[in-house]
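# this is a predicted model, with the sequence first.
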Amino acid sequence: MTLPWWKTCVAYQIYPRSFCDSNGDGVGDLRGIISKLDYLASLGIGMLWLCPVYASPNDDNGYDISDYEAIQPEFGTLEDWAALRDGLHARGIRLVMDLVANHSSDEHAWFVESRAAKDSDKRDWYIWRPPAADGGPPNDWQSVFGGPAWELDEASGEYYLHLFTRKQPDLNWANPQFRDALFAMMQRWVALGIDGFRMDVINLISKPDGLGQGGNEGGMDRALNGPRLRDYLAEMRHEVFAGTDLVTIGETPGMPLDLAREITDERAPLLDMQFHFEHVDLDHAPGASKWDSTPMTMPALRATLSRWQAGMEAHGWNSLYLGNHDQPRTVSRYGDDVRYRRESAMLLMTLLLTLKGTPFIYQGDEIGMANVAFDSIDDYRDIETLNAWRWLTGERGLDAATALAMIRKKSRDNARTPMQWSAAPNAGFSSAPPWIAPNPDYADHNVAAAEAEPDSVLHYTRRLIALRAQTPALTCGHYRLLDAEHPALWLFERATPSSRCVIALNFSATAQALPAEFGTLSCVLGNTADRAAETLAAWEARILI
Ligand code: GLC
Ligand code: CA
């Protein structure tokens with residue numbers, strides 16, 4: 001049985017604003033990415049997920065699209081995009097575009113028309129409701145980024161729904177003309193030679209009839225995994241993807257394992273794979289805001305990811321990630337970015353690249369980029385962070401130092417500081433001051449330094465990717481947890497009927513004995529020099545065969 005291409009490759013995610021600036025305006029762009037094509041190829045990746053590059057007023061950095069078929073001018077032109085596509089394809093890297101179809105920008109022509117009149121033929125392409133009896137919002141749903149999920153349109157006296165910012169009105173998937181227009185747009189991208197879509201919050205698209213009042217999750221509980229989600233995904237697959245080998249990757253917060261398994265079931269897939277959120281929700285109490293961080297333990301992470309490994313084993317498929325543009329930096333969150341930065345970044349990369357599924361490396365994680373601790377809220381750019389600041393220091397009544405400490409831990413801007421290419425000014429990202437300040441640690445942590453250091457996270461990442469590609473057990477082998485109780489060691493096996501790997505990860509700063517039964521195996525790759533020792537050193541990772 002030959003596996004589809006997207007099951008055997010490693011993916012890399014680019015946040016274009018922060019990757020590389022080619023023209024000195026402080027904003028990353030397509031020509032910047034093109035200038036790094038050989039770097040991307042040198043990693044050994046087979047798929048690139050490009051975060052949105054479409055026209056956008058940038059209320060949410062491109063996740064508010066005003067024209068799905070135009071390129072954001074500060075990123076370049078359609079010709080630049082085509083050159084990127086060709087440059088990737090020439091290097092054997094497939095291009096996956098971001099599809100943001102739960103909502104558009106309020107500046108999209110569809111919404112402008114929808115808003116223009118109650119009898120506009122696009123009125124029903126968005127979700128409009130009259131006010132509640134008291135004149136307030138139609139129900140109690142809350143925006144993910146804070147405040148009510150409804151905005152009053154003065155002219156018509158009606159409210160529109162926006163689960164994200166008020167400049168991101170939710171599209172109405174219940175309207176068949178809208179779906180036709182969306183699918184036609186997607187078909188045009190397919191015709192342009194893309195290799196798939198990563199679908200933003202795709203499990204929010206089916207709102208229940210009548211919407212209803214929210215539960216304790218302020219409406220998310222009602223909007224997530226809605227009643228017609230399967231129908232819409234099936235229709236989309238039929239209309240856009242039938243007969244192609246494109247990959248479809250859902251971003252699915254709050255999707256339970258059984259539904260994810262059903263949706264990615266290879267016997268009748270609606271999506272090829274999906275990103276779940278359970279492991280990135282482990283460091284705050286259930287129901288609490290993400291800003292109220294609590295410690296995360298390795299056993300909790302191990303239990304969660306092992307559950308998804310086992311649950312998707314038979315017929316589903318996992319997208320694997322530890323960080324992305326919405327999350328704190330991987331090494332700061334799951335590792336030790338102070339004492340064992342290099343070792344723990346390597347260990348986490350080992351985990352990511354040895355689990356079953358398609359691994360997604362977020363830009364900068366391959367050099368162990370860490371969280372930034374800006375001095376002032378003025379240095380932050382992300383709308384979610386800025387809204388949280390107002391809430392924490394306002395309604396919650398916290399002092400500035402406390403609020404800033406909370407934000408430093410969880411802000412999405414941790415992942416959005418410029419890619420650190422070198423120790424040159426602005427981290428080698430741009431000749432001008434970037435749109436968001438670089439992490440001051442770039443002098444020591446950058447690609448140029450990592451290239452020069454044989455034992456860097458970067459070189460280790462390349463070795464891991466190469467090993468994965470040539471080791472069937474690491475691509476298609478079953479995952480089996482070998483010890484569910486150990487407080488510090490995560491030991492698991494990946495095995496096919498004819499081959500086996502054991503992965504041993506010491507998630508602690510103290511040495512841990514390797515159980516004797518694995519002592520006879522040989523280490524094919526590890527992050528320390530002494531790979532034969534009977535104990536694993538602090539944050540040591542080994543792949544044993
Ligand atoms: C997704 C994106 C995030 C964005 C949100 C709204 O979660 O990854 O960056 O803010 O959807 O589009
Ligand atoms: Ca630029």
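Now that the structure is in, tell me what you want to look at. Ligands and ions are numbered 1, 2, ... in the order given.
# only C-alpha atoms for contact and neighbour calcs from this point on.
OK.
# who are the contact partners of the closest residue to ligand 1 within the stretch 1-150 of the chain?
Taking CA to the nearest ligand atom, ligand 1 has its nearest neighbour within the stretch 1-150 of the chain at residue 63, 4.5 Å off. Neighbour list for residue 63: 52, 56, 100, 104 [criterion: CA atoms under 8 Å, 6 or more residues apart in numbering].
# contact partners for the second one?
It stands for residue 56. Contacts of residue 56 were listed using CA under 8 Å, 6+ apart, and they are 62, 63, 64, 65, 66, 67, 72, 105.
# once you drop chain neighbours, what's closest to residue 46?
Distance criterion CA to CA, 6 or more residues apart in numbering; nearest residue to residue 46, sequence neighbours excluded, is residue 93 at 4.5 Å.
# the one you found contacts residue 43, correct?
No: if you go by CA atoms under 8 Å, residue 93 and residue 43 don't touch, sitting 10.8 Å apart.
# ok, these two, which is more surrounded?
Set residue 93 next to residue 43 and count neighbours by other CA atoms under 10 Å: residue 93 wins out with 24 against 19.
# as a check, name the ranges of all strands in the stretch 101-250 of the chain.
Shown for the stretch 101-250 of the chain, the strands assigned by DSSP state E, counting those that start in this stretch span residues 128-129, 150-153, 158-161, 196-199, 247-251.
# near ligand 2, which residues of the protein? Just list them.
21, 23, 25, 27, 28, 29 (CA under 5 Å from the ion).
# in the stretch 401-545 of the chain, which residue sits nearest ligand 2?
Nearest residue of the stretch 401-545 of the chain to ligand 2: residue 430, at 7.9 Å (CA to the ion).
# would you check how far apart that residue and residue 401 are?
As judged by CA to CA, to the nearest Å, residue 430 and residue 401 stand 31 Å apart.
# which of these two has more neighbours?
Each of residue 430 and residue 401 has its neighbours counted (other CA under 10 Å); residue 430 has more, 26 against 12.
# for that one, list the residues it contacts.
20, 21, 22, 23, 24, 25, 26, 27, 28.
# do the lowest-mean-pLDDT helix or strand in the chain and ligand 1 meet?
When the helices and strands of the chain are scored by mean pLDDT, DSSP states H and E, helix 220-223 comes last with a mean of 82. No: Helix 220-223 lies out of reach of ligand 1 by CA under 6 Å from any ligand atom, never closer than 13.1 Å.
# shouldn't residue 331 be in contact with residue 369?
Yes: under the criterion of CA under 8 Å, residue 331 makes contact with residue 369 at 7.3 Å.
# measure residue 461 to residue 180 for me?
Taken as CA to CA, the span from residue 461 to residue 180 is 42 Å.
# okay, the two: which has more neighbours?
residue 461 (22 against 15).
# so what's the more buried one closest to, chain neighbours aside?
Nearest one to residue 461, counting by CA to CA, 6+ apart, is residue 366 at 6.2 Å.
# quick check, nearest of the contacts of residue 63 to residue 527?
residue 52 (34.5 Å; CA to CA).
# neighbours of that closest one, how many?
25.
# that one contacts residue 97, correct?
Yes: using CA under 8 Å, residue 52 is in contact with residue 97, at 7.1 Å.
# where along the stretch 51-200 of the chain do the helices fall?
78-90, 109-116, 176-191 (DSSP state H, counting those that start in this stretch).
# most tightly packed of these?
Comparing these by mean neighbour count (mean count of other CA atoms under 10 Å), helix 109-116 ranks first with a mean of 18.
# which residues of the stretch 101-250 of the chain score low on pLDDT?
213-218 (pLDDT under 70).
# residue of it closest to ligand 2, please.
Nearest to ligand 2 in the stretch 101-250 of the chain, going by CA to the ion, is residue 105, at a distance of 22.3 Å.
# count the neighbours of that residue for me.
Residues near residue 105, counting by other CA under 10 Å, number 29.
# look up the closest residue to it, ignoring the ones flanking it.
Among residues not flanking residue 105 along the chain, residue 64 sits closest, at 4.3 Å (CA to CA, 6+ apart).
# quick one: the one you found from residue 261, how far?
Between residue 64 and residue 261 the computed distance is 29 Å (CA to CA).
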